[in-house]
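Q: Sharing a sequence plus its predicted fold:
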Amino acid sequence: MQRRTFITSLAAITGAAATGVPAAADHTENRSELDLETDDGSHHPGPPRFTHTGRGFVNPNFDEENIRDDLAPRNPDGDAEYEWSVVDAPSGSSATPTDAAVAEFEPDVPGEYTLELDAPDGTHELTVRVFPEEDEDDPRPRVDLDAEVVEGQVLLSANAMAPDREDIIDEQVDVEFYVDDRDKDVLAGDGTVSASAITEPVRIHAVAVGDRHSVSDMIKLVPEGDELHVEHPYKAPDWVENSIIYSIFTRRFPEQQLEDGTIVGETPGFDDIADRLDHLDELGVDVLWMTPFVPTDRGYGTSEALGGPHGYHKTDYFDVDPDLGTMEDFENMVEEAHNRDIKVVFDLVINHASENHPFFQAALDPSHDQHEKYYDWFRWDEDGNREAYYGWDGIPNLDHENPEVRQWCLDVVDFWAPKVDGFRSDIAWGVPNHFWKEIYQRVTEYDSDFFMLDETLPYAEEFGAGGFDVHYDNHLHGALGAAAEGTAEEILEAYEDRFRNGAHPESLFMQYIENHDTDRYLEQHGFMAQLAAGTATFTLPGVPMIYYGQETGLTDWREPMNWGDFDENMLEFYQQLVDLRKSHPALQHRARVERIDYEADSDSTLAYARYDPETDRRVVVLLDFSDDSQTVRIGDYVESENLITGDDAGLDVNEQHDYIEVDVATGIVLEADEPTDFSLPGNVIAEFEQPEGTDFGPGNYTYPATEEIPEGEFDLAGVAIEETDETFRFEFEFHNEVSNPWDNDSGVSHQHIQVYLNDPDAEGGASEARTGVNAEFAAPYQHVLTAGPGEHTVYDADGDIVGEEGDYNYDPEEAPNTIVVEFEKHAIDYLPEAGMAVTVMSYDGYGDGGVRAVESEASEWQFGGAEHGTAPNVIDLLTAEDVDNEDALAYDEDSHAQLPYVALGDEEIDEEDGEGEDDDADDEDDGLPGFGVAAGAAGVAGGAVYAANRVLGAEENAEE
């Protein structure tokens, strides 16, 4: 669907007068070298908000489960006054913001609200779009917004991606566009406007709307000379998406000797870390993330019982820990990292402070002259107990509803942003979401290459879209642990959660097997599984992270780095992973993931492909998390070299069945062509042969006159059934080559096969064949398998679908006479002991049940020979050796043919068992247009796509 809207007017955008961030109040002098601003320094609260009823902008005390948000002035002045109000709301709403500078607001009616913020620099409007209440467990759509200039006007293009990546286009997904409240003057006045008339930047937002609403996307239209450029402010810096992060526990990374947890000799510092940067350089990492190195009461000497010297209890945010050196030492270390093209990330902790921070000490001391002020800097319950998550009383939570706290936090941001290349934000979920968005805009306007990583567990999609570039993928982390316990398939499900959960299309995910808050994977799961898990993090789309010592064999979570005692085999493997990740285009972030057909002897094994359309390069990744190697089987479309090690992978090719076997221990990556399906040889449980010339129904049917249904087309030659661990495979062979005059995607135009199964141990069932067959059975059937151009499905006797769709295959080159269909055992596990009736009809998209009827006289498209309305529409029937088709399909004026079964097992079928619960199994197969042409819907890779286009400013929307 396309929508176009033309700009109707443009007036010059007059930004609010710049108001710089004031110097910090008496909490401390502003110690930042820079005085950054968000936007132009205005107090405007930022971009429009999108939510649903039941989820307001609230920041509740002692809530460890939900992300939090609020309404707040940007560039806050701790001494200023601010007031919020609702100036427009949907009918029936009584919602109002709380009476505070940083307010909460819980909209109660769906619709569009306009809120006003009265601030020292004027009055600012904020749009809040509220959708009906949603089930937050449901999948969520995504939206990707872009624009271009078409014939002098701006055309907005929004791709709305339905939540299920396998779905076809979801007609219920729509797109709404919003001009940023800060830029609304652009649309004032009358008349159409050309793109060249846009003289100031304009921000446009889009949100996809279906059963749920998406995280919003934004573009910025920026005039530059005679051109209009489109910027994507929510896109991570280009260097991030293919980078590799190395995380260190700062006070345990440099070389040291411990006795009873205490360092012997001098404490190592920034100089010692700088001396070890060559290790990172040789490994090939791009980013060094350091746990906190500012003054702390959890520095050197902290016992292991208290978590070791982690540094997250900060006592000063504007200096470095003197035990590590001076600020000059730190800056020299950063310079050494930059000389090796390694960026340095600062661990930003603004959710809380240490209980020994001077501010909190003042808050605790009623006699302190600043007690009342600093008491309001922290959060308390009604009884005066400090708020701290999960019982972490040593790190009380800051109160971000206090504008002065926000002002101080921004001073911290301003102080460190010029010194480092990015922030990892500790306990990001504890800080209001839109405060992070202000920080993101602030630092990226200062340095467009600045990087933001959030610790939000579980990850929150809302924290993308202008809040953070990269999220912890805790779903994948959990799946990697589960894989070592034997459920490797969860890895791909965790990756696909990103799409189901509606992550912003530009959101990146950090992929890790361990970090400073978890046990070591090697200690938990062993050497082989650790390498397999590491391979997964380097071969899935995302940003791989190595926790110091992961690559060298450390087993304790926060122990000193094992300098001089590396596991060289493990280190070599990780170096090879890094090299492969960086060099192969199919392993870059934007190369897509493909599920492939594979077989393995263990659930600890996984296979998938990565494909890069730009270079047409593809790899297959094989992983095994068990202690011993496992055999994996995939189609014969891969090369033999293991791209990780450069060694031969030892492929064993089965040419007869077109697949390869390979023993996988840890991980293997193979260059690949386009994946093909394959079938393993199974255990043959039944084989039947049928003489030639039985395709005339009860003996007198004649073929249609059209040459497109050639005589002999339905002459069944035999049926074979193979059993594998999970499936039954049916091979239907015909005496003549199967034709496909209508170019059906299945490769088959005519053969409509239905297999009726009689379970000798079951009660009930149906005796009347499916719609269009026009026959009955001497004993009831419990299931029907359909195999034809229209469908390949398992039905029960009531006509309900059971189990997954069958895998239908016809290869005109290898087996031009044979149709193969494979069904999961599921509901038909009794098959080896069943009775079976195989009927062959002619497929007709217009016919009842998709079956071509037999008339009294043959015509261009109809079979002839039916003497009564009771004549079966069965052209051929599999029968036992001693049963003639003419007898098996016999009928008369008053009764239908009673079709017999052939026995698969030893038990004889009681065909005198009376009628089943005659059940009009009236499952009509909808007729499909055209003879033999099956209507199908192809999935769209990466999600079903709905396209919405709009030209800025149009009054009318035209749907195409």
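A: Great, that's in hand.
Q: Pretty sure D271 sits in a helix.
A: Yes: using DSSP: H, G, I helix; E, B strand; the rest coil, the assignment for D271 is a helix.
Q: is it true that it touches E331?
A: No: D271 is beyond contact range of E331, at 11.9 Å (criterion: Cβ atoms under 8 Å). No exception for glycine: its C-beta is placed from N, CA and C like everyone else's.
Q: so what's the residue nearest to D894 when sequence neighbours are not counted scoring on pLDDT?
A: Spatial nearest neighbour of D894, excluding adjacent residues (Cβ to Cβ, 6 or more residues apart in numbering): T870 at 7.4 Å. As predicted, T870 sits at a pLDDT of 96.
Q: Where does P780 fall, secondary structure wise?
A: Here P780, judged by DSSP states H and E, is contained in strand 776-781.
Q: tell me which strands and helices that strand is in contact with?
A: Counting contacts by 3 or more Cβ pairs under 8 Å, 6 or more residues apart in numbering; DSSP states H and E, strand 776-781 packs against strand 751-758, strand 766-768, strand 835-842, strand 898-899.
Q: between that strand and strand 751-758, how big is the angle?
A: 50 degrees (axes from the mean of the first three to the mean of the last three Cα atoms, to 10 degrees).
Q: Hey, what's the angle from strand 776-781 to strand 835-842? Just curious.
A: With the same axes, to 10 degrees as the basis, strand 776-781 and strand 835-842 are set at 130 degrees to each other.
Q: quick one: contacts of the helix or strand hosting V345?
A: Per DSSP H and E, V345 falls inside strand 343-348. Applying Cβ atoms under 8 Å, 6 or more residues apart in numbering, the external contacts of strand 343-348 come out as 239, 243, 245, 286-292, 311-312, 333-334, 337-338, 412-413, 416, 419-426, 451, 453.
Q: related to what we said a few turns ago, next one: the residue nearest to D894 relative to F863, how far apart?
A: Separation of T870 from F863 (Cβ to Cβ, to the nearest Å): 15 Å.
Q: These two: which is more packed in?
A: F863 (25 against 16; other Cβ atoms under 10 Å).
Q: if we look at the sheet, which residues does the more buried one bridge to?
A: With DSSP bridges applied, F863 shows beta-bridge pairing to V854.
Q: and it, what is it in contact with?
A: So F863 contacts 697, 701-704, 842, 852-855, 873, 875 (Cβ under 8 Å, 6+ apart).
Q: okay, those in a markdown table with pLDDT next?
A: Output for the contacts of F863, formatted as a markdown table (pLDDT from 0 to 100):
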| residue | pLDDT |
| --- | --- |
| G697 | 96 |
| Y701 | 96 |
| T702 | 96 |
| Y703 | 96 |
| P704 | 96 |
| S842 | 96 |
| R852 | 95 |
| A853 | 94 |
| V854 | 97 |
| E855 | 96 |
| N873 | 97 |
| I875 | 97 |
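Q: Those residues, buried ones only, as a ChimeraX selection?
A: Buried subset of the contacts of F863, written as a ChimeraX selection, criterion 16 or more other Cβ atoms under 10 Å:
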select :697,701,703,704,842,852,853,854,855,873,875
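Q: for the chain, which spans come out with low pLDDT?
A: Residue ranges of the chain with pLDDT under 70: 1-35, 164-171, 186-193, 906-960.
Q: can we see that at 50?
A: Counting by pLDDT under 50, the chain contains low-confidence ranges at 1-29, 165-171, 189, 912-960.
Q: Could you tell me which helix of it is the longest one?
A: The residue-count maximum for a helix in the chain (DSSP state H) belongs to helix 568-583.
Q: chain center to that one, what's the gap?
A: Remark: helix 568-583 is offset 26 Å from the chain centroid, using Cα atoms, centre = their mean, to the nearest Å.
Q: Likewise for stretch 334-351?
A: With Cα atoms, centre = their mean, you get 29 Å for stretch 334-351.
Q: hmm, back to that, for the helix or strand just after the longest helix of the chain, packing partners?
A: As assigned by DSSP H and E, the chain's next helix or strand after helix 568-583 is strand 592-595. The contact analysis (3+ Cβ pairs under 8 Å, 6+ apart) places strand 592-595 against helix 490-500, strand 605-612.
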